[in-house]
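Visitor: mind looking at a prediction? Sequence and model below.
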Amino acid sequence: MVPLKVKTKNEKRKTYLMEDGREVKSLVEKVRIGDYLICQQDLAIEKVSKNKAQLIRDALRQGI
């Protein structure tokens with residue numbers, strides 16, 4: 001599960017468009033555009049800082 005950046009949010013449908021093009025619902029409260037979320041299929045399950053998101057992405061690229 002790679003942390004993805006929120007691009008837009010739809011207040012009416014309560015969904016978020018992620019940087020990979022997926023539209024997800026969220027278990028996380030107070031999500032803003034630019035936040036990083038860890039998503040499982042179409043559900044955001046955790047918000048992480050930009051630094052933590054980058055650390056996770058780097059580790060996955062290195063195969064750790």
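Guide: Cool, the structure landed. Numbering: from 1, shown residues only.
Visitor: the chain: strands as residue ranges?
Guide: Listed in chain order, the strands of the chain (DSSP state E) span residues 3-10, 15-18, 23-26, 36-40, 43-48.
Visitor: wait, which of those strands is closest to residue 57?
Guide: Distance to residue 57, taken as CB to CB, is lowest for strand 3-10 among the strands of the chain, at 6.8 Å. Where you see a C-beta, it was placed from the backbone N, CA and C, and this is true even at glycine.
Visitor: which residues touch the residue sitting nearest the centre point of the chain?
Guide: Central residue of the chain (CA atoms, centre = their mean): residue 37, 2.4 Å from the mean position. By CB atoms under 8 Å, 6 or more residues apart in numbering, the contact set of residue 37 is 3-4, 6, 16, 18, 24, 26, 28, 31, 44-48.
Visitor: again, 7 Å this time
Guide: Neighbouring residues of residue 37 by CB atoms under 7 Å, 6 or more residues apart in numbering: 3, 4, 6, 26, 28, 31, 44, 46, 47.
Visitor: mind checking how far stretch 41-54 is from the chain centre?
Guide: Averaging C-alpha positions (CA atoms, centre = their mean, to the nearest Å) puts stretch 41-54 4 Å from its chain's average.
Visitor: also stretch 52-64?
Guide: Remark: stretch 52-64 is offset 15 Å from the chain centroid, using CA atoms, centre = their mean.
Visitor: hmm, who's touching it?
Guide: 2, 3, 36.
Visitor: on that earlier part again, export the strands of the chain to TSV and append columns for mean pLDDT.
Guide: Conversion of the strands of the chain to TSV gives the following (pLDDT from 0 to 100):
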stretch	mean pLDDT
strand 3-10	92
strand 15-18	96
strand 23-26	95
strand 36-40	95
strand 43-48	96
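Visitor: same list (those) but as JSON lines, adding distance to residue 54.
Guide: Compiled in JSON lines, the strands of the chain are given as follows (distance: least, CB to CB, whole Å):
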{"stretch": "strand 3-10", "distance to residue 54": "8"}
{"stretch": "strand 15-18", "distance to residue 54": "16"}
{"stretch": "strand 23-26", "distance to residue 54": "20"}
{"stretch": "strand 36-40", "distance to residue 54": "9"}
{"stretch": "strand 43-48", "distance to residue 54": "10"}
